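Enquirer: Using only what follows, build the 3D model:
(chains A, B, C and D)
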2 protein chains.
Amino acid sequence: MKTGRRDRKKQQTRQALIEAALRLVDERGLDHVTVEDIADAADVSPRTFFNYFASKDEAITGDLFVEDDGTGERLLSAAPGVPVVEAFLNAMAPGLTAMQDDRDVWFLRMRVMEANPSLILSLIARSSAAENQLVRVVAKRLGLPQAHPYPAVFAAAAGGAVRTAMMRWPSARRPLTDLVDEAFSYLATGLADPRGEQGSPGGQSPRDEQDPADPINERRNEL
Amino acid sequence: MKTGRRDRKKQQTRQALIEAALRLVDERGLDHVTVEDIADAADVSPRTFFNYFASKDEAITGDLFVEDDGTGERLLSAAPGVPVVEAFLNAMAPGLTAMQDDRDVWFLRMRVMEANPSLILSLIARSSAAENQLVRVVAKRLGLPQAHPYPAVFAAAAGGAVRTAMMRWPSARRPLTDLVDEAFSYLATGLADPRGEQGSPGGQSPRDEQDPADPINERRNEL
DNA sequence: GGTCGAACTTGCAGTCGCTGCAAACTTTTA
DNA sequence: TAAAAGTTTGCAGCGACTGCAAGTTCGACC
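Expert: Below you'll find the model as predicted:
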């Protein structure tokens, strides 16, 4: 359905804008890059930039799986017996592997965000839009009323877990899905003390984070 | 230490700005109120507004217990045996009751935010600053390395739970602490299905949300 | 192939959030 | 009462973002 030259050009422009934005902000820092700079680098008018993105930040933080990428549908269509948490993890899997495939761009993104904390806030704000959708979907799946607190808590916690995994991703040198699973394991045990002194250790034990410059541990680069 | 006339006037101006902002935005909607409007209503120059708040949103979303209000210290100084979740709830209690006392302002705030969703995003972004502090404090209390994922997941989930409780507060007509406890009960059970079909129901069972216009249930107004 | 309409780009003009600076003013301190 | 320290204000300016209307490109249909 999207095979015309027009759509191809649109996709190219979009890509060019994203890349220009990431590159420039990486080089100079967020507040030393104007929208005009980005537009120039992508060879379009500044006005056009705003036809693609609602804000400067949006071009940088990316779409993640914020928009409807089918996660909601998959969650709803999971077999009835499957618990919500599990169903959610499964529903998210395709999105996560998509991110894995785009690993280089995402790592750059994360680096840029680390260096410009206001972008992290933008990301959080954006993902909260996705969480709203999740609230509705979870409520629907469980047949709970819209005002029931569970779906909201679920979405907030799940969103937080995913975000946490994302932030750790570049330095953890492990597949994103691993990190997400680990984050959820803490939720699964009711946020019990991870040192196992008193909690009920049902999840896998967390491997210690390795030093970013650690030369040992050759699991790197497998993802 | 803050008893001079100068500090009293500052406090007054701040209050005036907050009230003006809330009132005007409540009346007209966020994008039909400029900073100049707010400053005029509080009878100060627009430039002065920005001496008090870093952004227009900040005057509206409020300080919540974002800034250091002692929560961190209380969490750290809790008895060593106390589990983190419990210690956190205890540490937060004073802040929550402070909000209860300011109930009218907070309800207005929540109404204004509901009506102007971008403000919710601002609130989320702001509270994530508080979550960062929480990450550090939790890591310190548990003696975990900074890079360990548990504190981050904890902070994200806890922050989400608190936020959820806050959003429900105006319509739930129950004390805020109740709502926070309830939200945390879902976390405590590892986000198990709240219908009890398969989860391990350790927490109190959730009372159903009541209709906002429900004339029954006379627990209202006790808080 | 030519023509029409839809989609996309662009410039323009304007509003508003927000900042740095320096001058005026007010409160505190000595 | 004079100096010091803190606060308010105006001004000038940058840059994000928007609506509008004109121009351009592309696709579809005859």
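Enquirer: Could you point out the longest helix of chain A?
Expert: Under DSSP state H, the helix in chain A containing the largest number of residues is helix A:117-142.
Enquirer: Between helix B:117-142 and that one, find me the angle.
Expert: Computed with axes from the mean of the first three to the mean of the last three CA atoms, to 10 degrees, the direction of helix A:117-142 lies at 100 degrees from that of helix B:117-142.
Enquirer: What's the first helix or strand after helix A:117-142?
Expert: Once the chain leaves helix A:117-142, the next helix or strand it forms, by DSSP states H and E, is helix A:149-172.
Enquirer: Write out the residues of chain A neighbouring DNA strand D.
Expert: Remark: the part of chain A in contact with DNA strand D comprises A:4-7, A:9, A:33-36, A:47, A:50, A:54-57, using CB under 7 Å from any atom of the strand. Backbone N, C-alpha and C define where each C-beta goes, glycine included.
Enquirer: got the domain boundaries for chain A?
Expert: For chain A, whose domains are defined here by automatic domain parsing, the residue ranges read A:7-59, A:62-188.
Enquirer: Now stretch A:33-49: average pLDDT?
Expert: Predicted confidence along stretch A:33-49 averages 98 (mean pLDDT).
Enquirer: List the buried residues in that stretch.
Expert: Neighbour-count burial for stretch A:33-49 flags A:33, A:35, A:37-39, A:41-42, A:44, A:49 (criterion: 16 or more other CB atoms under 10 Å in any protein chain shown).
Enquirer: can you list these in CSV and add distance to chain B?
Expert: Converted to CSV, the buried residues of stretch A:33-49 look like this (distance: CB to the nearest CB, whole Å):
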residue, distance to chain B
A:33, 20
A:35, 19
A:37, 23
A:38, 22
A:39, 24
A:41, 28
A:42, 27
A:44, 27
A:49, 20
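Enquirer: can you tell me which two in those are farthest apart?
Expert: The largest separation in these, counting by CB to CB, is between A:33 and A:44 at 15.5 Å.
Enquirer: looking at the domains of chain A, which one has the lowest mean pLDDT?
Expert: The stretch with the lowest mean pLDDT among those is domain A:62-188, which comes in at a mean of 93.
Enquirer: That domain vs chain B: in contact?
Expert: Yes. Contact between domain A:62-188 and chain B, assessed by CB under 8 Å from any CB of the partner chain, occurs at A:83-85, A:120-122, A:124-125, A:128, A:142-145, A:147-150, A:152-161, A:163-165, A:167-168, A:171, A:179, A:182-183, A:186-188.
Enquirer: Give me the buried entries from those residues.
Expert: Using 16+ other CB under 10 Å as the burial test, the residues of domain A:62-188 next to chain B include A:83-85, A:120-122, A:124-125, A:128, A:142, A:144, A:147-150, A:152-161, A:163-165, A:167-168, A:171, A:179, A:182-183, A:186-188 as buried.
Enquirer: just to revisit the earlier point, looking at the buried residues of stretch A:33-49, spot the one nearest residue B:19.
Expert: Each of these was scored against residue B:19 by CB to CB, and residue A:35 proved nearest at 35.3 Å.
Enquirer: Who are the contact partners of the closest one?
Expert: Shown in contact with residue A:35 (CB atoms under 8 Å, 6 or more residues apart in numbering or on different chains): A:46, A:49-50, A:56.
Enquirer: What ranges does chain A have for its helices?
Expert: A:5-28, A:35-42, A:46-52, A:56-61, A:71-76, A:84-101, A:103-115, A:117-142, A:149-172, A:176-188.
Enquirer: Packing partners of the first one?
Expert: Meaning helix A:5-28. In this structure, helix A:5-28 packs against helix A:35-42, helix A:46-52, helix A:56-61, helix A:103-115, with contacts taken as 3 or more CB pairs under 8 Å, 6 or more residues apart in numbering or on different chains; DSSP states H and E.
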